[in-house]
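> Just the structure for this:
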Amino acid sequence: MTKSKTSKRKTDELKSRKKNLKRAPGKARVHKKTAQRKKAQARRKRAPHCWWALPVTCLMLIVLMASFVFVIHELGEYRRFQAMRSAVEASGYYSGIVVDGYSLAGVSKERALEHWRDSIEAPLENRAISLTFAGRTWTMTAKDLGYESNYEEVLSKAWAVGREGTLEERYRSISQLGQVNEQFDIARTNFDQNLLKKWTDSIASSLSSSSKNASVTGFDVNTKTFTLSSSTSGTTVDKDALYKNAFSLLENGGGTIEINVETIEPAVTEDDFESKFGLITTAVTNASSSNKNRLTNLQLSCAAINGYCVEPGATFSFNEVVGQRTSKRGYKKATVYQSGEIAEDIGGGVCQVSTTLWNAAMKANCEIVEWHEHSRPVSYVDRGKDATVSWGSQDMKFKNTSSYPMYLIAYVSENKRVYCEIYGELFPDGKYITIEAKTTQRIDPGEPEYVYNPLLGPGELVTINEPRTGYRAKAYRVYWNADGSEIKRDLLVEAYYKPARGKVEYGG
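Reported below is the predicted structural model:
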């Protein structure tokens, strides 16, 4: 190890000596540096002085840096422009567009319109209801009933979002959609309920018909039987129920309804007439005390009435139906009451027919239109039950208040009885009516009037008119059940028969 170190040191010393031997003395080293400076000065003298080089270099560096920044900025703007253009030029609806709860992002307008038309609107507007009955069918769609949808308008409005304004404005609008969806709702008029009601009502009406009762078309006086028209059944449809069913069905997508048509049976058939129509009532008065002339007058007036039809709601007038009692028409002179006195006149006795018919009409529940009592009581009916007539002044009128015609039968029987019968709709359940009269007051006539007659001898008396007692009476219409129990009684008329003093002539 010591030998190695010694050898290395000797080698280094030897190299140092050689180096010193090559180097010139100190003077020579100085001369070499001077020469180098002179050469540098000479070069500087040969080249001009470049004072502007540094500023130019700096400026160039600034321009270069600015250019670099500009290029970078423009490149960023271009990329941004490309991104905005790519966003706004999307081929479908922008993201965030929602119509009726459906996102249309990326869907073309044509495809959206086609989808709504074929898949959504078509099933709604083509909803159909069919009403059927007996092989007949009536069909109506929601479109026929006024169904409307503004889906085209809404889809166009949704498509217009982000497609108006500058590129920046459009892009900003689209960007906002990405944060908050824009909702669009389609407005639909489901269907016009009034049109549906009108349609169902018209069908119901076409299937409805009134039942027709068997009705009286005539009356055979000889057989006393009715001539009838046939009865027919009717049909009816509940309009409200049909509409409600159709409405519910259309609301739930449509379908078919079998119309419920009910049959209405007639209230009166031909068979019913035996139990519901016939002789309502009869009134009879005694004419046995009548002479030939009076019987003739009774028969003529009965013949004028016999077979006469009083329609429902119509009023019967004795004077109009019987006519004026004249000798030309066959009427004879017979006893009449004139101002309370007994006299002879053409047509005497017809008041017995008017009285008999009035009693029958009252028992048939007809309404009194015009009525007059006689000036004095008559022998053939109770006080309060008579009905006088006089051409041109007093009439007997009654009204048929039933729903069916009334036919009148009037005749004088062989045993001198005046009969008046009324045929029509019978009272239900065997009920019937009677006429009851009651005298409520007897009025004393007072002392007779004495009149001097010079043709009479002293103490001689001749009665010209007998004193006549006056009366007040009331007539009642009494309603009865079939078992004879009274239902009610109504006051019909109040009659007043004026008293007369009488007249006596005396001599002197």
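
> Quick check: which ranges of the protein have low pLDDT?
For the chain, residues meeting the criterion pLDDT under 70 lie at 1-50, 69-71, 73-78, 80, 82-83, 86-87.

> Domain map for it?
In the domain annotation for the chain, the residue ranges read 110-163+183-268, 273-506 (automatic domain parsing).

> List just the one of the ones you listed that sits closest to Cys58.
domain 110-163+183-268 (49.0 Å; CB to CB). (Glycine included, C-beta is placed from N, CA and C.)

> any idea how far Val221 is from Ser215?
19 Å (CB to CB, to the nearest Å).

> now Ala303
Taken as CB to CB, the span from Ala303 to Ser215 is 27 Å.

> Asp118 now?
61 Å.

> who's more crowded, those two?
When Asp118 and Ser215 are compared for neighbours, Ser215 comes out ahead with 16 against 10, by other CB atoms under 10 Å.

> Verify the contact between the more buried one and Ser230 for me.
No: look at Ser215 against Ser230 with CB atoms under 8 Å: they stay out of range, at 9.2 Å.

> who touches the closest residue to Ile346 other than its chain neighbours in this structure?
Excluding the flanking residues, the one nearest Ile346 by CB to CB, 6 or more residues apart in numbering is Tyr331, at 5.2 Å. Neighbouring residues of Tyr331 by CB atoms under 8 Å, 6 or more residues apart in numbering: 296-297, 300, 325, 346-347, 350.

> that older thread, between the domains of the chain, which gets nearest to Val98?
domain 110-163+183-268 (5.1 Å).

> Any idea how far stretch 199-219 is from the middle of the chain?
Distance, stretch centre to chain centre, for stretch 199-219: 20 Å (CA atoms, centre = their mean, to the nearest Å).

> Can you give me the buried ones in it?
Across stretch 199-219, burial judged by 16 or more other CB atoms under 10 Å covers 199-200, 203-204, 207-208, 211-216, 219.

> With stretch 129-136 instead?
For stretch 129-136, by 16+ other CB under 10 Å, it's 129, 131, 133.

> Could you tell me which of those residues are located in helices?
Of the buried residues of stretch 129-136, none are assigned to helices by DSSP state H.

> related to what we said a few turns ago, now for the buried residues of stretch 199-219: which two are most distant?
Farthest pair in these, by CB to CB: Trp199 and Phe219, 46.9 Å.

> Does Val216 touch Met406 like I think?
No: Val216 is beyond contact range of Met406, at 9.5 Å (criterion: CB under 8 Å).

> Spit out the residues that contact those two alike.
Joint contacts of Val216 and Met406 (CB under 8 Å, 6+ apart) are Gly424.

> Where does the residue nearest to Ile346 sit: helix, strand or coil?
coil (DSSP: H, G, I helix; E, B strand; the rest coil).

> those strands in the stretch 1-150 of the chain, which residues are they?
97-99, 102-103, 128-133, 136-141, 148-149 (DSSP state E, counting those that start in this stretch).

> closest to Ile72 out of those strands?
Of all the strands of the stretch 1-150 of the chain, strand 97-99 comes closest under CB to CB, at 35.9 Å.

> coming back round to it: taking the contacts of Tyr331 one by one, which sit in helices?
Residues of those located in helices (DSSP H): 296-297, 300, 350.

> Pull the most distant pair out of these.
Taking CB to CB, no two of the ones in helices among the contacts of Tyr331 sit farther apart than Thr296 and Val350, at 10.6 Å.

> Those two: which has the busier surroundings?
Neighbours of Thr296 and Val350, each counted by other CB under 10 Å, are more numerous for Val350; the result is 27 against 18.

> Look up how far Glu414 lies from the residue lying closest to that one once chain neighbours are set aside.
Closest residue to Val350 apart from its sequence neighbours, by CB to CB, 6+ apart: Ser301 at 4.6 Å. Separation of Ser301 from Glu414 (CB to CB) stands at 18 Å.

> Neighbour count for these two, which is higher?
Ser301 (28 against 5).

> so the more buried one touches Val353, yeah?
Yes: the pair Ser301 / Val353 is scored as a contact, 4.4 Å apart, by CB under 8 Å.

> Spit out the residues that contact those two alike.
Residues touching both Ser301 and Val353 by CB under 8 Å, 6+ apart: 322, 410.

> In contact with Thr285: list those residues for me.
Shown in contact with Thr285 (CB under 8 Å, 6+ apart): 352, 355-356, 359, 380-381, 417-418.

> Which strands border the helix or strand hosting it, and is each parallel or antiparallel?
Secondary structure assignment for Thr285, by DSSP states H and E: strand 277-286. Note on strand 277-286: by DSSP bridges, its sheet partners are strand 417-425 (antiparallel).

> Now the partner strand: buried residues?
418-425.

> Report the distance from that strand to the chain centre.
Using CA atoms, centre = their mean, the offset of strand 417-425 from its chain centre is 47 Å.

> Begin at 802, not 1, for the rest of this chat.
Okay, using 802 as the starting number, the last item reads as strand 1218-1226.

> so how far is the helix or strand following that strand from its chain's centroid?
Next helix or strand after strand 1218-1226 toward the C-terminus (DSSP H and E): strand 1233-1244. From the chain centre to the centre of strand 1233-1244 is a distance of 53 Å (CA atoms, centre = their mean).
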